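Trainee: Pasting the sequence and the predicted coordinates here, then a few questions.
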Amino acid sequence: MNTFQGNGSDVYSALCTMTEKELNLAVISDINWNEEMSPWECAPLYKNDSPYTGGADNILIS
């Protein structure tokens, strides 16, 4: 799970209330969305935003 803010503990707690089965939740946080989550380069989506650099391969491969 990618998190924007927080560490995913609220999501994990909610999942645990839905099942009695053991589960694992991988959380990816503290990332730069515009660099590390875009699969290709793209102009800014908002007026004062920075461009997307297309660096997702670096995160997904490492």
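Mentor: Ah, there it is. Numbers count the residues shown, from 1 in each chain.

Trainee: is it true that residue 14 lies in a strand?
Mentor: No: Residue 14 is assigned helix when assessed by DSSP: H, G, I helix; E, B strand; the rest coil, not a strand.

Trainee: And the helices in the protein?
Mentor: Assigned by DSSP state H, the helices in the chain fall at 9-18, 33-36, 56-61.

Trainee: Please work out which residues outside the second one touch it.
Mentor: So the one you mean is helix 33-36. With contact meaning Cβ atoms under 8 Å, 6 or more residues apart in numbering, helix 33-36 is reached by 4, 49, 50, 51, 52, 53, 55, 56, 58, 59. Every residue, glycine included, has its C-beta placed from N, CA and C.

Trainee: Quick check: closest non-adjacent residue to residue 4.
Mentor: residue 33 (7.8 Å; Cβ to Cβ, 6 or more residues apart in numbering).

Trainee: gap between that neighbour and residue 5?
Mentor: According to Cβ to Cβ, to the nearest Å, residue 33 and residue 5 sit 12 Å apart.

Trainee: what touches both of those two?
Mentor: By Cβ under 8 Å, 6+ apart, no residue touches both residue 33 and residue 5.

Trainee: quick one, which of those two is more surrounded?
Mentor: The neighbour comparison of residue 33 against residue 5 (other Cβ atoms under 10 Å) goes to residue 33, with 11 against 5.

Trainee: So what's the predicted local confidence for residue 60?
Mentor: For residue 60, the pLDDT comes out at 69.

Trainee: do residue 4 as well
Mentor: 74.

Trainee: again, but for residue 52
Mentor: pLDDT for residue 52: 94.

Trainee: what sits against it?
Mentor: Neighbouring residues of residue 52 by Cβ under 8 Å, 6+ apart: 34, 35, 38, 40, 41, 42, 43, 44, 45.

Trainee: neighbours around the first one, how many?
Mentor: Read that as residue 34. By the criterion of other Cβ under 10 Å, residue 34 has 17 neighbours.

Trainee: returning to what we had before: can you flag the weakest of the helices of the chain by average pLDDT?
Mentor: Lowest mean pLDDT within the helices of the chain: helix 56-61, a mean of 77.

Trainee: related to what we said a few turns ago, please report how far the residue nearest to residue 4 lies from residue 45.
Mentor: Computed as Cβ to Cβ, the residue 33 to residue 45 distance reads 11 Å.
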